[in-house]
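Visitor: what's the 3D shape of this:
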Amino acid sequence: MDLQAHWERVYQTKQPTEVSWFRPHLDTSLSLISSLDVARDVPVLDVGGGASTLVDDLIAAGYSNLTVLDLSASAIDAARSRLGARQTTVTWLATDVTRAELAASHFRVWHDRAVFHFLTDPADRDRYVEQVRHSVASGGHVIIATFGPHGPSRCSGLPTARYDADALHAVLGDEFEMIDRREERHRTPAGVEQQFVYCL
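Guide: Residues are numbered from 1 along each chain as shown. Below you'll find the predicted structure:
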């Protein structure tokens, strides 16, 4: 399957507020990011940020060095249109995170809500983790949220992998320290409840 074409179809046929992972504000993500002792001008990467409102809320909170990466250019276009003139303060990357050319030891915060659980191929997971190791600065922070053990096994027509916090942490390896773990009961726009697990 051409995943880029798949996600382009999703965002060309649905409004950002209609996709199952939509939340008006990513409260859990914002809480975890705000808990970090980092300056507002450190480089922050939102993986799969696409049309998400996280970038809006981070700008409002004073973060000034933001990069949003998404496989779908249409999702990024939706966010840029919503932000208006503020879009120029953000770096936008329409690319596959597992193959993106990211600067070494650059990001102080890596955030991913709902990308990693789509990586069901072990080779893709390995490339993802290598990207984290390559591009996150020593002492930086990684926030990843996936479907929990009781979350859906498919989403948007694709299979997903599900994790508890320990399993998700184990994928990253011993060089990372678990600082926080949280569970979220996400209610989709259609009213279905989904279990998400967050690891910091």
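Visitor: Near residue 51, how many residues? Count them for me, please.
Guide: 24 (other Cβ atoms under 10 Å). Quick note: C-beta positions are derived from backbone N, CA and C, even for glycine.
Visitor: What residues of the one helix or strand residue 139 maps to count as buried?
Guide: Taking DSSP states H and E as the definition, residue 139 sits inside strand 136-147. Neighbour counts over strand 136-147 (16 or more other Cβ atoms under 10 Å) mark 136, 137, 140, 141, 142, 143, 144, 145, 146, 147 as buried.
Visitor: now the residue at the greatest distance from the centre of the chain: how far from residue 136?
Guide: Centroid-distance maximum for the chain: residue 85 at 23.2 Å, with Cα atoms, centre = their mean. Per Cβ to Cβ, to the nearest Å, residue 85 is found 30 Å from residue 136.
Visitor: Spell out the residue ranges of the helices in this protein.
Guide: For the chain, helices defined by DSSP state H occupy the ranges 3-13, 27-34, 54-60, 73-83, 122-135, 165-172.
Visitor: in the third one, what counts as buried?
Guide: If I follow you right, that is helix 54-60. Within helix 54-60, the residues that count as buried by 16+ other Cβ under 10 Å are 54, 55, 57, 58, 59.
Visitor: and the two most separated of those?
Guide: Maximum pairwise distance in those, criterion Cβ to Cβ, is 9.7 Å, between 54 and 59.
Visitor: returning to that earlier point: what packs against the strand holding residue 139?
Guide: helix 27-34, strand 107-113, helix 165-172, strand 193-199 (3 or more Cβ pairs under 8 Å, 6 or more residues apart in numbering; DSSP states H and E).
Visitor: out of the ones you listed, nearest to residue 152?
Guide: Across those, residue 152 has its closest neighbour in strand 193-199 (6.1 Å, Cβ to Cβ).
Visitor: what's the model's confidence in that closest one, averaged?
Guide: Confidence for strand 193-199, expressed as mean pLDDT, is 97.
Visitor: Need the pLDDT of residue 85.
Guide: The model reports residue 85 with a pLDDT of 96.
Visitor: gap between it and residue 59?
Guide: From residue 85 to residue 59 the distance is 11 Å (Cβ to Cβ).
Visitor: ditto for residue 127
Guide: Counting by Cβ to Cβ, the gap from residue 127 to residue 59 is 30 Å.
Visitor: just residue 166 next, same as before
Guide: Counting by Cβ to Cβ, the gap from residue 166 to residue 59 is 34 Å.
Visitor: residues touching residue 146, list them.
Guide: Neighbouring residues of residue 146 by Cβ atoms under 8 Å, 6 or more residues apart in numbering: 114, 116, 117, 160, 161, 162, 163, 168, 196, 197.
Visitor: Show me what it is bridged to.
Guide: Per DSSP bridges, the residues bridged to residue 146 are residue 197.
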